[in-house]
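**Q** Task: produce atomic coordinates for the following.
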Amino acid sequence: MATYDELDEQSQQLIAAMHARKITFQSEAEKLQGERDGYRRIIPMAGVVEALYAIHDKYLDTDFGTIPVRIYRPNDKKPLPVLIYFHGGGYVSGGLDTHDQQLRYFSKHAGIIVIAVAYSLAPERKYPAAISDAYYTVKWVHENCAALHIDHKHIAIGGDSAGGLLSALLAMKLRDEKIIPIAFQLLLCPNLDLTMSSDSWKALGEKAYILSARKQIDFYNWFLPSDIDRGNETVSPIFASDFSVLPPTMIVTAAADPLKDEGRLYMEKLQQARVPVMHKEYEGVVHGFYQLSGVIDKGKVALDDVCAALKAALAGE
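**A** Predicted coordinates:
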């Protein structure tokens, strides 16, 4: 059984179990489907399934396709703050079901509406399609606050991993447009530098934890057009020239995640721009550990920390 000194015991057991069922794929199509199937296998590890006052799915029709969303409401209080959430999955996998337990938890324990966005996936629709979907959804929410019983003064955006990239790019776009005010941003193990040039990628990228360099390269090849500049700030928000006037932000990183330096550096840039930012790094755990709260105790700790931050930022508690 594989053992890694950086990982706590629960994370070691998880990684060993994943290695034991590792599959070799014969084609790009098989590899892509394998990623999608594998991501769905984490659903039973996501912890408790919270009951809520109301959950319903809706489909937003646009000129460029249909965007499925899932709306979570914790109670009948009107209006409530909202978190618009973009899931992770390497830009190629994930959806409403992969993050259902996590978002139920946020809604119930933070006392807010959560709207999950099933944005377009690559390679069927490459960059910037997912960002366009995310932007359209935020505009739709803002325009329909009254009908959705949302407090228009407390709109938050956020996401994990790939969804963190969408959120960060969107926060900068909305800031520059000065039309839709964003009250808070939540970034969980965010992917913010698509050049993979950080020290944590060099130190952790070959260790084959949840996220490896080889896997991330596949994700980017599926997601990005071949001629794109990955160091451009419209692709990698870590290289933005202006971090001022962005919304107060919470960043969660994992000590055994090759993306951790991206979250740390983004935190430093926000601090330098005098943006309120909270950063929590959890020792001994891997990328996406907050989705594994059924098998990794620190995942549950992180979910509770996030709920406390959401309540403080959006509900005034």
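
**Q** Low-confidence regions, the chain specifically.
**A** 1-4, 316-317 (pLDDT under 70).

**Q** Name the next helix or strand downstream of the longest strand anywhere in it, please.
**A** Of all the elements of type strand in the chain, the one with the most residues (DSSP state E) is strand 150-160. Proceeding N to C from strand 150-160, the next assigned helix or strand is helix 162-177, under DSSP states H and E.

**Q** If you count contacts, what does the helix or strand just after that following helix end up packed against?
**A** The C-terminal neighbour of helix 162-177 among helices and strands, as given by DSSP H and E, is strand 184-188. For strand 184-188, the elements it packs on are strand 80-86, strand 150-160, helix 162-177, strand 249-254, helix 297-310, judged by 3 or more CB pairs under 8 Å, 6 or more residues apart in numbering; DSSP states H and E. No exception for glycine: its C-beta is placed from N, CA and C like everyone else's.

**Q** Out of those, flag the one nearest K126.
**A** Taking CB to CB, helix 162-177 is the member of the helices and strands packed on strand 184-188 nearest to K126, at 13.0 Å.

**Q** tilt between the closest one and strand 150-160?
**A** For the pair helix 162-177 and strand 150-160, the angle between their directions (axes from the mean of the first three to the mean of the last three CA atoms, to 10 degrees) equals 130 degrees.

**Q** quick one: contacts for N75?
**A** With contact taken as CB atoms under 8 Å, 6 or more residues apart in numbering, N75 is in contact with Y53, G111.

**Q** Next, please give the residue ranges for the helices of the stretch 201-317 of the chain.
**A** If you assign secondary structure with DSSP state H, counting those that start in this stretch, the helices in the stretch 201-317 of the chain sit at 213-223, 260-272, 297-310.

**Q** Would you reformat those as a markdown table and include mean neighbour count?
**A** Putting these into a markdown table (neighbours: other CB atoms under 10 Å) gives the following:
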| stretch | mean neighbour count |
| --- | --- |
| helix 213-223 | 17 |
| helix 260-272 | 20 |
| helix 297-310 | 19 |
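
**Q** Could you point out which of those sits nearest D63?
**A** Checking the helices of the stretch 201-317 of the chain against D63 by CB to CB gives helix 213-223 as the closest, at 22.0 Å.

**Q** Show me what stretch 135-146 is in contact with.
**A** Identification of contacts with stretch 135-146 by CB under 8 Å, 6+ apart yields 60, 62, 67, 69, 79, 82, 84, 115, 117, 119, 148, 150-152, 155, 157, 170, 173-174, 179-180.

**Q** how far does it sit from the chain's center?
**A** 19 Å (CA atoms, centre = their mean, to the nearest Å).

**Q** This completes my enquiry, with thanks.
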